[in-house]
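Chemist: This is the structure alone, sequence omitted:
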Ligand SMILES: CC(C)[C@H](C(=O)O)[C@@H](O)C(=O)O
Ligand code: SF4
């Protein structure tokens, strides 16, 4: 009998999903999908594909399995204009026509940013293949799933047939050793890694995080790491599920959790080691997430806005970090805090964080992608400079093409809100 090569967690998941004993980097496979998501941008995009192919004779009347699909209203809620209002109506019709029950609607109980719902609602379990119509679908790989974003045409195929092709990626192992100092967050870690690897360093590769730094890290910190693997060009980011993952998901109602773990002797195309104790607060300067600088060495620019929001930087732990800084202090610049899902908003009210933000002079808004992608609900004007807990700072990303965004952790963003300049949380009086 042929020897089965040792495989890592991504290869194990993809082998199972494609009905093979084993897969290797470069293999092209046809994999069964376990879960799929579309939002108010990709949903209407998929519907257009359906219209086009139904005109070419493809049967688009039924989805492969509506119980495995969910819809998030996040990018343009509350509706930014007539077009986005129309898209919400389209999504509603789509959900009704295809029998999709899990539709997280703005203004009706739990809703939020798609990648936040995936973990807050325990929609994806370790070992699953999860695809979404959004590039930061990688986020959910932090739960030990194979998670990646797909374009509209591929999403349309998945919704109809429950399968899609993949080229099995090579895997880069990022071994993180030891815990982070208290003023450093997972956001700083991933900025350091992207600064080193570059925005194409992970191109069509898996970025797998492991080591004692991961064991020590909270699930929410891990989600921040996986979220920004997209910014390094990675196909997916992944962290093997452990007790913390299982506890996190079961406390959110998940059952039947069966973590998939790679073989001990699995091979990786590259291995990088990092020491947590050596990490420092960082920012990524305009106009690229790889343009990183230690906060204490960052330019002394006057800021106009601090933004604490998005799938990257508005989880409960992110808000708690910002509140630790803002408690008893006042903001000197426009500061907007938008929890990433209603469940987080509720906890922020219950735990007194919203009061802390309001007392500091910040404003607190509903979950939405609006400001993060420069669409609405707080876009930057010409020449404005923002410090932001989001993941992208390309030209025009958060508004005017001449605005600038510095990416940072919630601790750095909050400290900077207090001084009006890019500030290391250790340097606050
Ligand atoms: C609008 C959407 C499709 C886009 C993405 O795919 O990532 C957005 O979420 C982003 O972060 O730029
Ligand atoms: S919060 Fe930003 S990065 Fe996340 S899905 Fe929305 S637009 Fe994309």
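Modeler: Ah, there it is. These numbers were taken from a predicted model, which means no experiment stands behind them. Ligands and ions are numbered 1, 2, ... in the order given.

Chemist: now the stretch 151-300 of the chain, which segments are flagged as low pLDDT?
Modeler: Within the stretch 151-300 of the chain, no stretch falls below the threshold (pLDDT under 70).

Chemist: need the strands for the stretch 301-429 of the chain, in chain order.
Modeler: Listed from the start of the chain, the stretch 301-429 of the chain has strands (DSSP state E, counting those that start in this stretch) covering 305-308, 334-337, 363-364, 385-388, 404-407.

Chemist: Turn those strands into CSV, columns for mean neighbour count and distance to ligand 2.
Modeler: Where C-beta positions appear, they are placed from N, C-alpha and C, glycine not excepted. Putting the strands of the stretch 301-429 of the chain into CSV (neighbours: other Cβ atoms under 10 Å; distance: least, Cβ to the nearest ligand atom, whole Å) gives the following:
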stretch, mean neighbour count, distance to ligand 2
strand 305-308, 28, 11
strand 334-337, 24, 13
strand 363-364, 16, 16
strand 385-388, 26, 10
strand 404-407, 28, 11
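
Chemist: and the residue of the stretch 151-300 of the chain found nearest ligand 2, which of the three is it?
Modeler: Scanning the stretch 151-300 of the chain for proximity to ligand 2 using Cβ to the nearest ligand atom identifies residue 227 as nearest, at 7.6 Å. Reducing the assignment to helix, strand or coil with DSSP: H, G, I helix; E, B strand; the rest coil, the entry for residue 227 is helix.

Chemist: which SS state does the nearest residue to it once chain neighbours are set aside fall under?
Modeler: Of all residues beyond its chain neighbours, the one nearest residue 227 is residue 139 (4.1 Å), with distances taken as Cβ to Cβ, 6 or more residues apart in numbering. Per three-state DSSP, the local secondary structure of residue 139 is helix.

Chemist: confidence score at residue 139?
Modeler: On pLDDT, residue 139 comes in at 99.

Chemist: go on, residue 4?
Modeler: The pLDDT attached to residue 4 in the predicted structure is 73.

Chemist: ok, it - how many residues close by?
Modeler: Other residues within reach of residue 4 by the criterion other Cβ atoms under 10 Å amount to 10.

Chemist: So it versus residue 15, what's the distance?
Modeler: Using Cβ to Cβ, to the nearest Å, one obtains 9 Å as the distance from residue 4 to residue 15.

Chemist: Check what contacts the lengthiest strand in the chain and list those residues.
Modeler: Longest strand of the chain, by residue count under DSSP state E: strand 170-177. The list of residues contacting strand 170-177 from outside it, by Cβ atoms under 8 Å, 6 or more residues apart in numbering, reads 8, 10-11, 25-26, 189, 193, 197, 201-202, 205-214, 217, 234, 266, 268-276.

Chemist: for the stretch 1-150 of the chain, which spans come out with low pLDDT?
Modeler: 1-3.

Chemist: still on that earlier bit, spit out the residues that contact residue 4 and residue 15 alike.
Modeler: Residues touching both residue 4 and residue 15 (Cβ under 8 Å, 6+ apart) are 21, 22.

Chemist: Up against ligand 2, what does the stretch 151-300 of the chain have?
Modeler: Residues of the stretch 151-300 of the chain found near ligand 2, taking Cβ under 6 Å from any ligand atom as the criterion, are absent altogether.

Chemist: Swap in 8 Å and give it another go.
Modeler: On the criterion Cβ under 8 Å from any ligand atom, ligand 2 has as its neighbours in the stretch 151-300 of the chain the residues residue 227.

Chemist: Tell me where the stretch 201-350 of the chain has helices.
Modeler: Assignment of helices within the stretch 201-350 of the chain using DSSP state H, counting those that start in this stretch yields the ranges 212-216, 219-227, 243-250, 310-313, 316-326, 342-350.

Chemist: Including mean neighbour count, could those helices go into CSV?
Modeler: Rendered in CSV, the data for the helices of the stretch 201-350 of the chain read as follows (neighbours: other Cβ atoms under 10 Å):
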stretch, mean neighbour count
helix 212-216, 18
helix 219-227, 25
helix 243-250, 17
helix 310-313, 30
helix 316-326, 24
helix 342-350, 18
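
Chemist: Now distance to ligand 1 too, for those helices, in CSV please.
Modeler: Converted to CSV, the helices of the stretch 201-350 of the chain look like this (distance: least, Cβ to the nearest ligand atom, whole Å):
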stretch, distance to ligand 1
helix 212-216, 25
helix 219-227, 10
helix 243-250, 23
helix 310-313, 8
helix 316-326, 17
helix 342-350, 18
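
Chemist: Identify the residues contacting the helix or strand following the longest strand of the chain?
Modeler: Scanning forward in sequence from strand 170-177, with DSSP states H and E defining helices and strands, the next element found is helix 186-197. Applying Cβ under 8 Å, 6+ apart, the contact partners of helix 186-197 are 172, 174, 176, 180, 201, 207, 213, 217, 220-222, 224-225, 227-229, 231-232, 272, 274, 276, 279-284, 289-292, 312-313, 389, 407-410, 412.

Chemist: List the buried residues for helix 186-197?
Modeler: Neighbour counts using 16 or more other Cβ atoms under 10 Å place 186, 187, 188, 189, 190, 191, 192, 193, 194, 195, 197 of helix 186-197 among the buried residues.

Chemist: a markdown table please, covering the residues you listed and showing distance to residue 84.
Modeler: Listed next are those as a markdown table, based on distance: Cβ to Cβ, whole Å:
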| residue | distance to residue 84 |
| --- | --- |
| 186 | 31 |
| 187 | 29 |
| 188 | 34 |
| 189 | 35 |
| 190 | 30 |
| 191 | 31 |
| 192 | 36 |
| 193 | 34 |
| 194 | 31 |
| 195 | 35 |
| 197 | 35 |
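
Chemist: Please consider this matter closed, and thank you.
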